[in-house]
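*Asks:* I would like the atomic coordinates for the input below:
(chains A and B)
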Amino acid sequence: MRSAHGLGMVRAIVLAALLSAWAQASCWAQTEPQAAEHQVKAAFLYKFLGFVEWPPQSFERADSPLVIGVLGADALAEELVAMVAARTAGGHPVEARKIRRGDSLAELHVLFVGRTDSAALPGLLGSTKGRSLLTVTESDEALAYGSTINFVVVDNKVRFDVALGPAEQRNLKISSRLLAVARKVLPNPS
Amino acid sequence: MTIGKTRSLRTKLLGVVLVTTFVAVAVALTAMVGYDLHAYHRSWSDDMSAQAELLGRTTAAALTFDDAKAARENLGLLRLRPQVRAAAIYGARGVLFASYVAKAGGRAIPTAAEPDGVQVQDGELTVFRQIVDNGDVLGTVYLRADYPLYERVLSYVEIALVVMLLAMLVAFVLSSRLQRLVTHPILAIAQIAREVVERRDYSRRVPKLSDDEVGTLVESFNDMMREIEQRTQALEASNREKAREVEERRGAQHEIMLLNQGLEQRVRERTSQLETSNRDLALATETAERANRAKSEFLSSMSHELRTPLNAIIGFGQLLDADGFPVTPEQRKEYTGHIVRAGNHLLSLINEILNLAQIESGRMTVSIESVQLGDLFDDCETMIAPLGARRGIRVLFPTQCKFGVKADRVRLKQVLLNLLSNAIKYNRDQGMVALACAGAGAGRVRISVQDTGIGLRPDQLESLFQPFNRLGQESGEVEGTGIGLVVTKRLVELMGGTIGVNSTPGVGSAFWIELNAADAAAPRVADIAMRAPTESADDPRSRSNATVLCVDDNPASLRLVEEILRSRTQIRLLSAPDGRLGVELARAHLPQVILMDNNMPFLTGREAQAILSRDPLTANIPVIALTANAMPDAITQGLAAGFFRYLTKPIDVGELLEAVDSALEFSRAHPAE
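*Replies:* Residues are numbered from 1 along each chain as shown, chains lettered A, B, ... in the order given. Now for the predicted structure:
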């Protein structure tokens, strides 16, 4: 009896180990493959459109496209273009485009500035001051320059911070739900 | 339903109320509970759905930006809702994203999301709800909450039981009180009806308590009772009547039965009487036929007997009357002698026939008295002796006979004369006849007449008492009617006697009669004896002239009377051919004597005599009847009517002369005024 009991215990432990291994495997299999950072950021970019409200005058017409410009992150840009094809946000068709330094920013509603072009950030922010342009960055000091949303990677996960001051200056309304999931929210200093 | 039939109305009503209440309350409670449970289910479902929606919205951003920590924090808010036992958020691909469990234990959270829906399982409500944002499915919310429907139902059942009990109690109490309104009058009717049935008292009435249908029922019941009462009385009356009728009918039937029995008895009696009378009738018919035959024989015999003397009368009359037939005086004498003898024979024949006819017709009456035989024998001797003397026959009468008999004197004398004359008639010359009387024992007296004739043969004895069996007829030497013995026999029998004969052929016969004896009383003088002094009256021829009127329609009779009275020279004879003329002549001439025939035209002799007797002039004239009506009745009646004498035709000359002389004597003694 004793030997049998011991044998049952061993068998149960082995079975549990096997089960947990299988469960781990299936879990990995089920979740989407560990996406690249630029892919996550592209998805986040697109998803921000649902939590931000632009003033109506920032669109020529009601069905004018909402344009996202990506500077200094081509992979991300390509990813985003593929993602937003035939997508809409707030009734506007979403359009993503890769831009170079010096390109007109006039038609843009969202501007992402990659880490590689973060040096140009203060100039870009300054040139677009007062315009309803949501700026998203991925550099540590970007918020200090006046960016609205800045990606950070915490625990190997893409998170973001939100600065309410720039948003207000640019006449953008950011949903509290977005704020609820932001890693940090910089309040409006004024 | 047997229960329903036997329970009382009260119980039924109560049962109906309770059942109704039960059903109503049960239905209401069921409906309420059902509705409540349904509403509870929906509201709870809606609530949880809304909660899931809210949770979805709340966690949408966390899900969007893959912030499981934020999602867990959101789920953690569910602590405020203790009913929620567990919750979870799944990603867009159904992978578990965040979860919350209020209490350890209980079921595990599904590892994968399921389609939208609300499920109830094992007392728990499970809700899956997709999180949709901007047309994109972000994920799924899972909520698991208490779902205490079972407890709720249990508590509802408890409440329902209590409510139902209360309702039933109230209904019971109320209906117990209120049902009296309905049942009391009906039970009253039922009670009365039961009493009526038990006691047969149809005068009971139910008091009317209300004006509703029960009131109408009470009225109807009372009306019905009234009707039944009347009908019952009528029925009882008619029953009594019928019983009485039945009794009467029974009595009547009994009477009818008695009557029937009586009737049957009478019918039997009558039938037997009828049979008897039929037998009698047959006998009578036979007797009548025999009598008829006898009568026919008798008539033919009589015709013969009548022709025999007529032969002598007419024959000798023709000889005397014939012109060319010389008759010497001696011959005339002989002829007339034959005529007179034959006439007398004819007369006696007729008399005897009349006698017989009278006897046979039952008109002969006898007056029974005590008759002393001695006196009677004396009379007979006087009359018979001359007859015997003619043929030299001695007739011996008993010298001493003290016997008396019960008989009709006249008829007994007739019987004796007949027997004596027969004894002489059938005797031999110089013979002897002996009359004897002797007691025959047992109060009877026998009178016998013995002759010395030729006697009778036994075969002659048999027909001796039959009509026209005249003995010696063959020889023709003895004249006789042949009726005498028949009449004699009948007369003897009429007087209660018997007749018989003992005969020895060649020696003689002894005829005897037996009669009832009578006391030997003082001898009576016979009526017939009165004739003797009349015959010995003084000579009428010495008398002076007298007128005699003879009334007769027959000229021959008138002529005969005239010839007879011619011998009386002092008599002047008047004659009349009918009664009327006779009466006139009598009144005109007032004759001393009238001779009156009876059967005449215009007036009969009887009527004429009556007229004359009523007339004072002629009342005293003696009228002598001279008639051919020789019936004894007629004679008696004639004498009673006042006729002086009653003479019958043919006329006996001596008798007529004697009568006329007597009448003349009377007339002289009582001269007419």
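*Asks:* Longest helix of chain B, counting residues only.
*Replies:* Longest helix in chain B by number of residues, with DSSP state H as the criterion: helix B:213-321.
*Asks:* in the helix or strand following it, what's buried?
*Replies:* The first helix or strand that comes after helix B:213-321 along the chain, using DSSP states H and E, is helix B:329-361. The neighbour-count check on helix B:329-361 (16 or more other C-beta atoms under 10 Å in any protein chain shown) flags B:335, B:338-339, B:342, B:345-350, B:352-353, B:355-356, B:358-360 as buried. Heads up, the C-betas are built off the backbone N, CA and C, glycines and all.
*Asks:* Then stretch B:361-381?
*Replies:* Within stretch B:361-381, the residues scored as buried using 16+ other C-beta under 10 Å are B:M364, B:I368, B:S370, B:V371, B:Q372, B:L373, B:G374, B:D375, B:L376, B:F377, B:D379, B:C380.
*Asks:* and if you look at stretch B:45-59?
*Replies:* Going by neighbour count (16+ other C-beta under 10 Å), the buried part of stretch B:45-59 is B:S45, B:M48, B:S49, B:Q51, B:A52, B:E53, B:L55, B:G56, B:T58, B:T59.
*Asks:* give the contact list for the first one.
*Replies:* Right, the one you point to is B:S45. Going by C-beta atoms under 8 Å, 6 or more residues apart in numbering or on different chains, B:S45 touches B:V118, B:L125, B:V127.
*Asks:* Any chance of JSON lines for those residues, columns pLDDT and neighbour count?
*Replies:* Formatted as JSON lines, the contacts of B:S45 follow (pLDDT from 0 to 100; neighbours: other C-beta atoms under 10 Å in any protein chain shown):
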{"residue": "B:V118", "pLDDT": "88", "neighbour count": "19"}
{"residue": "B:L125", "pLDDT": "88", "neighbour count": "24"}
{"residue": "B:V127", "pLDDT": "90", "neighbour count": "24"}
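*Asks:* Residue ranges in chain B under the pLDDT threshold?
*Replies:* Low-confidence segments of chain B (pLDDT under 70): B:1-7, B:466-482, B:519-544, B:672-673.
*Asks:* what's the residue lying closest to B:E381 once chain neighbours are set aside in contact with, if anything?
*Replies:* Spatial nearest neighbour of B:E381, excluding adjacent residues (C-beta to C-beta, 6 or more residues apart in numbering or on different chains): B:F397 at 4.9 Å. Residues in contact with B:F397 (C-beta under 8 Å, 6+ apart) are B:F377, B:D378, B:C380, B:E381, B:L435.
*Asks:* Apply 6 Å and report the result again.
*Replies:* Shown in contact with B:F397 (C-beta atoms under 6 Å, 6 or more residues apart in numbering or on different chains): B:F377, B:E381, B:L435.
*Asks:* Residues touching stretch B:8-16, excluding its own?
*Replies:* Contacts for stretch B:8-16 (C-beta under 6 Å, 6+ apart): B:S175, B:Q179, B:T183.
*Asks:* and the residue in chain B that chain A sits nearest to, what does it touch?
*Replies:* Residue nearest to chain A within chain B: B:A61 (3.8 Å; C-beta to the nearest C-beta). Neighbouring residues of B:A61 by C-beta under 6 Å, 6+ apart: A:R177, A:L178, A:A180, A:V181.
*Asks:* will you turn those residues into CSV that also has secondary structure?
*Replies:* Converted to CSV, the contacts of B:A61 look like this (DSSP: H, G, I helix; E, B strand; the rest coil):
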residue, secondary structure
A:R177, helix
A:L178, helix
A:A180, helix
A:V181, helix
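*Asks:* filter those down to the ones near chain B?
*Replies:* Filtering the contacts of B:A61 for neighbours of chain B using C-beta under 6 Å from any C-beta of the partner chain leaves A:R177, A:L178, A:A180, A:V181.
*Asks:* closest to B:V561 among the residues you listed?
*Replies:* Nearest to B:V561 out of the ones next to chain B among the contacts of B:A61 is A:R177 (C-beta to C-beta; 206.2 Å).
*Asks:* if I look at that closest one, how far off is B:A237?
*Replies:* Separation of A:R177 from B:A237 (C-beta to C-beta, to the nearest Å) stands at 112 Å.
*Asks:* again, but for A:H92
*Replies:* From A:H92 to B:A237 the distance is 119 Å (C-beta to C-beta).
*Asks:* Neighbour count: those two, which is higher?
*Replies:* A:H92 (19 against 10; other C-beta atoms under 10 Å in any protein chain shown).
*Asks:* Got the phi and psi for that one?
*Replies:* phi -110, psi 130 (degrees, to the nearest 10).
*Asks:* Tell me the bridge partners for it.
*Replies:* Beta-bridge pairing for A:H92 (DSSP bridges): A:A89.
*Asks:* That one and A:V67 touch, don't they?
*Replies:* No - contact criterion C-beta atoms under 6 Å: A:H92 and A:V67 do not qualify, at 9.2 Å.
*Asks:* A helix includes the residue of chain B closest to chain A, no?
*Replies:* Yes - assignment of B:A61 by three-state DSSP places it within a helix.
*Asks:* So stretch A:133-153, near chain B or not?
*Replies:* No - using C-beta under 6 Å from any C-beta, we find that stretch A:133-153 stays clear of chain B, coming within 10.9 Å at best.
*Asks:* Show me which positions of stretch B:594-609 end up buried.
*Replies:* Buried residues in stretch B:594-609, counting neighbours by 16+ other C-beta under 10 Å, are found at B:I594, B:L595, B:M596, B:D597, B:N598, B:M600, B:L603, B:T604, B:G605, B:R606, B:A608, B:Q609.
*Asks:* got the end-to-end distance for it?
*Replies:* End-to-end distance for stretch B:594-609: 9 Å, by C-alpha to C-alpha, to the nearest Å.
*Asks:* what does it contact?
*Replies:* Residues from elsewhere that reach stretch B:594-609 (C-beta under 6 Å, 6+ apart): B:549-553, B:578-580, B:582-583, B:621, B:623-627, B:629.
*Asks:* if you set the cut-off to 7 Å instead, what comes out?
*Replies:* The list of residues contacting stretch B:594-609 from outside it, by C-beta atoms under 7 Å, 6 or more residues apart in numbering or on different chains, reads B:548-553, B:557, B:561, B:578-580, B:582-583, B:586, B:621, B:623-627, B:629, B:641-643.
*Asks:* coming back round to it: okay, the contacts of B:F397 in JSON lines with secondary structure next?
*Replies:* As requested, the contacts of B:F397 are exported to JSON lines (three-state DSSP):
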{"residue": "B:F377", "secondary structure": "helix"}
{"residue": "B:E381", "secondary structure": "helix"}
{"residue": "B:L435", "secondary structure": "strand"}
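*Asks:* Thanks again, I'm all set now.
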